[in-house]
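Participant: Turn this into a structure:
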Amino acid sequence: QVQLVESGGGLVQAGGSLRLSCAASGRTFSSYAMGWFRQASGKEREFVAAVRSGISTYYAHSVKGRFTISRDNAKNTVYLQMNSLKPEDTAVYYCAARISGRLESLDYDYWGQGTQVTVSS
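Facilitator: Below is the predicted model:
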């Protein structure tokens, strides 16, 4: 069992930055691929970024070049650095963990409770 707790969300002006953190429980964190997803009000949950147990990273086209995902296996934590934020980035952001499978699909094994990010224009 893996528990995930996100933090770092908030209100920021367009063009600003936020860093989200996701702390994971368990001793096998390094074995999991970690992903970030987001869900805007009235819309479906969508893939944002993911990092495999190594260093390979993957991004949605809409955030590539602005967001950076990273992980610290010693701290059981995955981060999402978000720069040049836009109003359309407003959503609840979720982290998720999986052992295998397609990183951009929604069928992750474990999910956090989400953290709200609001970008004002």
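
Participant: In three-state terms, label S30 for me.
Facilitator: Three-state secondary structure (criterion: DSSP: H, G, I helix; E, B strand; the rest coil) places S30 in helix.

Participant: What segments of this structure are helices?
Facilitator: Shown for the chain, no helices are assigned by DSSP state H.

Participant: if I look at R66, how far off is A60?
Facilitator: 10 Å (CB to CB, to the nearest Å). Using the backbone N, CA and C atoms, a C-beta is placed for each residue, glycine as well.

Participant: same thing with A74?
Facilitator: For A74 relative to A60 (CB to CB), the value is 27 Å.

Participant: higher neighbour count, those two?
Facilitator: For A74 and A60, the more surrounded residue by other CB atoms under 10 Å is A60, and the numbers stand at 16 against 8.

Participant: quick one: contacts for the more buried one?
Facilitator: E46, F47, V48, A49, E104 (CB atoms under 8 Å, 6 or more residues apart in numbering).

Participant: of all those, which two lie farthest apart?
Facilitator: E46 and A49 (11.0 Å; CB to CB).
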